[in-house]
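Novice: What follows is a protein structure lacking sequence information:
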């Protein structure tokens, strides 16, 4: 498995000391988690997303959201890191990668061995929940047991606030702290590698563009074309896991 685009990606990595990754749903499809937009298979084509304002305003909507969460396929819970995640983790462990900015909520970067403080989760984390008022953390296993018994999730036991999955929903403001961390990481990198993002969701998708504007190299590894292909130093239209594992040398 050696072609000009792969050799070029190896060269970019070898020439860089402060690599940052920007990852989207495409890196996790190889772990069995469907993306959001693909016709017929994307999550948004199968089920209308619940808007944040509706979730906060209606107990009925909240309970429907939890019903969805605790029924059907357990794709998030059952997923494990694939070769793409492991390749990124390897670069972090070598001291070559300063961290990961991700649009994903699946926790797979942490599961692959990347420390929490080196992962910026722009859209939150689906592996736990929290109170929207006092930010008390709730484990999903405990909430699922409550839902199985009472067929509902009660308000926060500490303050009476609304409990919600620790993800950023449609209509919800982006987390200021994570956006600031992503900006710092973007300003610090000399190479940003986009892996599996369609680069159409803003403001998150603005970080690779910002990195390029600041003088960093930009490489995009994605099966489909993206709006930033024209400004990238390298575009690789291949499967992410096999590509990253090859160029990092962990095959």
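Specialist: Yep, that arrived. Everything numeric here is computed off the predicted structure, so don't read it as measured data.
Novice: any idea of the pLDDT on residue 38?
Specialist: At residue 38 the predicted local distance difference test score is 47.
Novice: no wait, residue 46
Specialist: In this model, residue 46 is scored at 53, pLDDT.
Novice: ditto for residue 82
Specialist: The predicted local confidence for residue 82 is 97.
Novice: where does the stretch 51-200 of the chain dip in pLDDT?
Specialist: Applying pLDDT under 70 to the predicted model, the residue ranges of the stretch 51-200 of the chain that meet it are 72-75.
Novice: From the centroid of the chain, which residue is nearest?
Specialist: Nearest residue to the geometric centre of the chain (C-alpha atoms, centre = their mean): residue 104, 1.7 Å.
Novice: nearest residue to that residue other than its sequence neighbours?
Specialist: residue 28 (5.6 Å; C-beta to C-beta, 6 or more residues apart in numbering). Using the backbone N, CA and C atoms, a C-beta is placed for each residue, glycine as well.
Novice: State the pLDDT value of that neighbour.
Specialist: 95.
Novice: coming back round to it: how about the residue nearest to the centre of the chain, secondary structure?
Specialist: Secondary structure state of residue 104, per DSSP: H, G, I helix; E, B strand; the rest coil, is coil.
Novice: does it really touch residue 31, like I thought?
Specialist: No - in this structure residue 104 lies outside contact range of residue 31 using C-beta atoms under 8 Å: 10.0 Å.
Novice: end-to-end on stretch 101-112?
Specialist: 15 Å (C-alpha to C-alpha, to the nearest Å).
Novice: what about the nearest residue to residue 225 once chain neighbours are set aside, distance to residue 32?
Specialist: Ranked by C-beta to C-beta, 6+ apart and with sequence neighbours excluded, the top spatial neighbour of residue 225 is residue 237, at 7.6 Å. Distance check for residue 237 against residue 32: by C-beta to C-beta, to the nearest Å, it reads 22 Å.
Novice: any idea where the helices of the chain begin and end?
Specialist: 4-14, 43-46, 52-57, 59-69, 75-78, 83-93, 108-111, 140-150, 176-188, 206-213, 240-248 (DSSP state H).
Novice: what residues are up against residue 147?
Specialist: Under the criterion of C-beta atoms under 8 Å, 6 or more residues apart in numbering, the contact list for residue 147 reads 66, 67, 70, 153.
Novice: so which of the residues you listed is the most crowded?
Specialist: Using other C-beta atoms under 10 Å as the neighbour criterion, residue 153 leads those with 23 neighbours.
Novice: so it touches residue 162, yeah?
Specialist: No - checked against C-beta under 8 Å, the pair residue 153 and residue 162 is beyond contact range at 9.3 Å.
Novice: if I look at the two, which residues touch both of them?
Specialist: Common neighbours of residue 153 and residue 162, counting by C-beta under 8 Å, 6+ apart, are residue 62.
Novice: Rebuild the contacts of residue 147 as TSV, extending it with distance to residue 169.
Specialist: Shown next, in TSV, are those (distance: C-beta to C-beta, whole Å):
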residue	distance to residue 169
66	13
67	16
70	17
153	15
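Novice: Lovely, talk soon.
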